[in-house]
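Novice: A predicted structure for the sequence below; I have some questions about it.
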Amino acid sequence: MTASPAKEDEHATSPRRGFPLLWSSSAISAVGDGTYKVAAPLLAAYLTRDPVAVSLVSAAAALPWFLVGFWSGAVVDRLPRRAVMLCADLARAAGLALLIALLVSGVGSVPLLAVTSFLMVSGQAFFDAASQALVPHLVGRDDDALARANGRLFSADTAGQALIGPPLGGALFVVAPWVPFLLTAFTFSSSAAFLAGLPKVPRPVHETEQSLIAAAKEGFRYLFRSRTLVLLALGLTAYNVAYNIGSATLVLYVQDDLRLSEIVFGLLMAASSVGAVATGLASARILKVLGTSGAVVGGIGLQAVGWLALLFAPWTWFTALAFVLLGAASTVVTVGAVTARQRAVPDRLLGRVVSAFRLIGNGAAPIGSAAGGFLAAGATLRVPMVVSVILLVITGSLIGLALRRAN
């Protein structure tokens, strides 16, 4: 039985006190994700020097976005969102506890690590979809409130996954191979503790006899009925493909063409994260000026400016500025797209539309990485960035014009 529209957008009676708890949960969970992203490949290389076996771990981490992401939104839209996030955190903590126990016992293996990586990213797929669907309940559907909340969440996510977690993962692995996984398990357990304090939010209303596959398809149908949402999803696709084209061989460009060291490259990546975090904190003001559609188109254009700055950087500090622009562009386009979804989609469909949107927006990104590698191999290390700029200018212009007509 489907709820009436009034029921669909119902919020908890005192929701705003819950957002700091959601933010804390997401922030500490992001630290765990960042720690694991570094510790997992290090452990794979520690367990074997076989390149195929090591790549198995990366493949296992990529599969959930396709195998689980399709129907995770359907689960999120029929269960209490807080419960979904709690289960995701506790399942990941339990999986890590098993991995740690086997590593300490001396029986760790690459297949076990691959299964654990699949579990980690599967949990993240559920956690992220539920978190995005929960935000409107906690802050309302006002554009400013959503932009501010999403900006803070994205800033925390970037800081945890890119600035705090990776250095911790590398440093703790030196202590013992199982130590970073212990920290990761602790972050997920702590995230669950924060979630336990969230105020009660209405359970999403759904068709009681509808299968998960049918429910997932309903999310795709709703997305494709909205021209604006489809255009925003295509904009995110273009953004991700272009970014992956340009960044596929970026480390080689920085080292070989710009003659910068590995340490400087790490600092440049940190500069990108700082740009993303700072822009996230200012996202409410940015979206007030640009609007959600304008933010997505603006993010596409800003990425193009970042690549151009990197192509013609005369000094190292200018190169750092280019990385800051690339990080800022990522925040602008993400917050704009997420806010537009949360504002436009009814609560009972929000988890499914989030999953469908991400499958479209992120699914083609690996194609960009492969294309960037082939372009660099067949020409020069600058060509992928040039192609990215051209792609961004064309797609940004077309999507901008189409969004103006749609609105």
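Specialist: Thanks, I have it. Bear in mind the structure is a predicted one, so any value in this text is a computation, not a measurement.
Novice: And the helices in the stretch 51-200 of the chain, which stretches?
Specialist: 51-62, 64-67, 69-76, 81-105, 110-139, 143-158, 165-175, 179-196 (DSSP state H, counting those that start in this stretch).
Novice: C-alpha coordinates for the second one, CSV please?
Specialist: Pointing back at helix 64-67 there. Listed in CSV are the C-alpha atoms of helix 64-67, where the atom choice follows Å, rounded to 0.1, in the frame of the first residue of the first chain:
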residue,chain,number,x,y,z
PRO,A,64,29.5,-4.1,-5.3
TRP,A,65,28.7,-0.8,-7.1
PHE,A,66,27.2,-3.0,-9.9
LEU,A,67,26.1,-6.1,-8.1
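Novice: Pull the distance from that helix to the chain's centre.
Specialist: Between the centre of helix 64-67 and the centre of its chain there are 14 Å (C-alpha atoms, centre = their mean, to the nearest Å).
Novice: Quick check: closest non-adjacent residue to S58.
Specialist: Of all residues not flanking S58 in the chain, P41 sits nearest, at 7.2 Å (C-beta to C-beta, 6 or more residues apart in numbering). C-beta coordinates here come from the backbone N, C-alpha and C atoms, glycine included.
Novice: Kindly report the same for F70.
Specialist: Using C-beta to C-beta, 6+ apart, the closest residue to F70 is A216 (5.7 Å).
Novice: so L195 sits right up against S26, yeah?
Specialist: No: counting by C-beta atoms under 8 Å, L195 stays clear of S26, with 9.6 Å between them.
Novice: neighbour count winner among those two?
Specialist: L195 (28 against 23; other C-beta atoms under 10 Å).
Novice: how many neighbours does the closest residue to L260 other than its chain neighbours have?
Specialist: Closest residue to L260 apart from its sequence neighbours, by C-beta to C-beta, 6+ apart: V254 at 5.1 Å. Other residues near V254 come to 21 when the count uses other C-beta under 10 Å.
Novice: go on, G298?
Specialist: Around G298 there are 21 residues (other C-beta under 10 Å).
Novice: residue contacts, it?
Specialist: Going by C-beta atoms under 8 Å, 6 or more residues apart in numbering, G298 touches 290, 332-333, 336.
Novice: Just the element for it, please.
Specialist: For G298, the element it lies in under DSSP states H and E is helix 283-311.
Novice: Could you give me the buried positions within that helix?
Specialist: By neighbour count on 16 or more other C-beta atoms under 10 Å, the buried set for helix 283-311 is 283-284, 286-287, 290-311.
Novice: Against L281, how distant is the residue lying closest to L134 once chain neighbours are set aside?
Specialist: Leaving aside its sequence neighbours, L134 sits nearest to R81 (C-beta to C-beta, 6+ apart; 4.4 Å). Here the criterion is C-beta to C-beta, to the nearest Å. By it, R81 lies 25 Å from L281.
Novice: More neighbours: these two, which one.
Specialist: Here R81 and L281 are compared on neighbour count by other C-beta under 10 Å; more neighbours surround R81, at 29 against 14.
Novice: returning to what we had before: from the contacts of G298, which land in helices?
Specialist: 290, 332-333, 336 (DSSP state H).
Novice: With distance to L375 and pLDDT added, can I get the residues you listed in a markdown table?
Specialist: Output for the ones in helices among the contacts of G298, formatted as a markdown table (distance: C-beta to C-beta, whole Å; pLDDT from 0 to 100):
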| residue | distance to L375 | pLDDT |
| --- | --- | --- |
| L290 | 31 | 93 |
| V332 | 26 | 95 |
| V333 | 23 | 95 |
| G336 | 28 | 94 |
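Novice: And the residues you listed, which is closest to D77?
Specialist: G336 (23.0 Å; C-beta to C-beta).
Novice: So what angle separates the directions of the helix or strand hosting the residue nearest to S58 and helix 110-139?
Specialist: P41 belongs to helix 19-47 when assigned by DSSP H and E. Angle, helix 19-47 to helix 110-139, by axes from the mean of the first three to the mean of the last three C-alpha atoms, to 10 degrees: 170 degrees.
Novice: Who are the packing partners of helix 19-47?
Specialist: helix 51-62, helix 81-105, helix 110-139, helix 143-158, helix 165-175, helix 179-196 (3 or more C-beta pairs under 8 Å, 6 or more residues apart in numbering; DSSP states H and E).
Novice: mean confidence for the shortest one?
Specialist: This means helix 165-175. For helix 165-175, mean pLDDT rounds to 91.
Novice: what do you get for the last one?
Specialist: Averaging pLDDT along helix 179-196 yields 96.
Novice: helix or strand right after that helix?
Specialist: helix 212-225.
Novice: and that next one, what's its mean pLDDT?
Specialist: Mean predicted lDDT for helix 212-225 stands at 89.
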